[in-house]
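Asks: Quick one, fold the following:
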Amino acid sequence: MEEARIILRRAVFSFFQGYQSFSSGPALLAMPVSLGLLLSGTTALTSSTVMAAAQTRLSALFAAAGLPTGSSVFSFSSLKLAQTAVSSVLILPLVLTFLVFAQARVIALVFGKTTNLYLRLLRIHLCLFVVVLAANGAAFVAVSAAVGCAAALGAESERLVMGICGCVGLLYVVLLAKSLVVGKLAMVVAGAGNCGSSFCAVVRACLLLRRREAAALWLAVFSSLTMAGAEAVFQVRVAAKGLTPATIGEATTISYIYSLLLVLDTLISCVLFKSCQVDELRCICSYGIECKKAGGGCFRSRLLLEQP
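Replies: Take a look at the predicted model:
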């Protein structure tokens, strides 16, 4: 928690130190994505025919897997999953264009990069999208297998099925959170580091997070809470009243604030990357000194210390 607080304080200080640069280019680039994300939770999307068709397909899929679709919990879960799936598909083109450009601009400003980072970050986003799809599929397969095993053993009570789904859902949330944290750091590694491939950037991000995993998760919680707060304000001030000429100004202001939060989230990942790099260099130096005291038999540590 203390590490997360220090990293967050440094990120906020860097954000306000370069506020003119961050609030002009990257924030304006992220505006379409912010508006799309905020509008995805409105009643117009929830009551659409596409949403109803997606919810019907999910309910049929749950019923085929043997899940109690008649319960209120699964009805609510199918509604939220359908809303998430439809909004993700609609917003994906905006994310792969405007958001990637905004993140590339933030990384270029922080690390002084002059090359085009769009293609590097785009590959990381596509890899992260595949990982999220795989996690969703694995969670559904795990729930179906667990419910099938329980039915084969003669235990078909609704409480047992709900308990199995709750345990699998908890594991799914933890794995998804770690995947998102690794994906955010991998984008910074791909943009600021010398990794030539997306796989190399993801592996390096996993290695850097070995000592800072708890801090990275706390930072992700902070970013999620601030964005959820902006979404709640949008729902109360704009979505509840509808898009009218009187609420367009408020919708634009809240979208811009949400864009600033997206920029701050990328900046937090950059500061986390710098902090992980410092820890890595300290470990290398201390390991090299210990090897040198032991007789200088560690050839790898000497090579790492001799690199510029």
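Asks: Could you say which helix or strand holds the spatially closest residue to E3 that is not a sequence neighbour?
Replies: Among residues not flanking E3 along the chain, A215 sits closest, at 4.0 Å (CB to CB, 6 or more residues apart in numbering). To be clear about C-beta, it is placed using only N, CA and C from the backbone, and glycine gets the same treatment. For A215, the host element (DSSP states H and E) is helix 213-234.
Asks: List the contacts of that helix.
Replies: 1, 3-4, 7-8, 37-38, 41, 177-178, 180-181, 184-185, 209, 251, 254-255, 257-258, 261-262, 264-265, 268, 272 (CB atoms under 8 Å, 6 or more residues apart in numbering).
Asks: which residue ranges form the helices in this protein?
Replies: 2-17, 19-29, 31-39, 43-46, 49-64, 72-94, 100-111, 118-152, 158-192, 198-208, 213-234, 248-293, 299-306 (DSSP state H).
Asks: May I see those arranged in CSV, with distance to G242, mean pLDDT and mean neighbour count as well?
Replies: What follows is these, written out as CSV (distance: least, CB to CB, whole Å; pLDDT from 0 to 100; neighbours: other CB atoms under 10 Å):
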stretch, distance to G242, mean pLDDT, mean neighbour count
helix 2-17, 33, 90, 15
helix 19-29, 26, 90, 17
helix 31-39, 12, 89, 21
helix 43-46, 9, 57, 14
helix 49-64, 18, 74, 15
helix 72-94, 19, 76, 15
helix 100-111, 28, 91, 23
helix 118-152, 32, 79, 16
helix 158-192, 32, 81, 19
helix 198-208, 42, 85, 19
helix 213-234, 12, 90, 17
helix 248-293, 10, 80, 18
helix 299-306, 60, 38, 13
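Asks: Out of those, which gets nearest to K241?
Replies: For these, proximity to K241 was assessed by CB to CB; helix 248-293 is nearest, at 8.9 Å.
Asks: what residues are up against G112?
Replies: Taking CB under 8 Å, 6+ apart as the definition, G112 has no contacts.
Asks: how much space is there between F98 and G18?
Replies: Distance, F98 to G18, by CB to CB, to the nearest Å: 20 Å.
Asks: Please apply the same query to M1.
Replies: Counting by CB to CB, the gap from M1 to G18 is 27 Å.
Asks: Among those two, which residue is more densely surrounded?
Replies: Per other CB atoms under 10 Å, whichever of M1 and G18 has more neighbours is G18, with 14 against 8.
Asks: Wait, the more buried one touches L109, no?
Replies: Yes - contact between G18 and L109 holds when scored by CB atoms under 8 Å: they sit 6.6 Å apart.
Asks: from what I can see R120 touches A190, true?
Replies: Yes - look at R120 against A190 with CB under 8 Å: they come within range, at 4.3 Å.
Asks: hang on, the earlier thing: could you check the angle the helix holding A215 makes with helix 198-208?
Replies: 110 degrees (axes from the mean of the first three to the mean of the last three CA atoms, to 10 degrees).
Asks: Just give me how far helix 213-234 sits from the chain centre.
Replies: 10 Å (CA atoms, centre = their mean, to the nearest Å).
Asks: Let me know the angle separating it from helix 31-39.
Replies: Using the same axes, to 10 degrees: helix 213-234 against helix 31-39 is 70 degrees.
Asks: got the angle for helix 213-234 vs helix 158-192?
Replies: Going by the same axes, to 10 degrees, helix 213-234 makes 100 degrees with helix 158-192.
Asks: what is the orientation angle of helix 213-234 with helix 2-17?
Replies: When the same axes, to 10 degrees is applied, the directions of helix 213-234 and helix 2-17 differ by 50 degrees.
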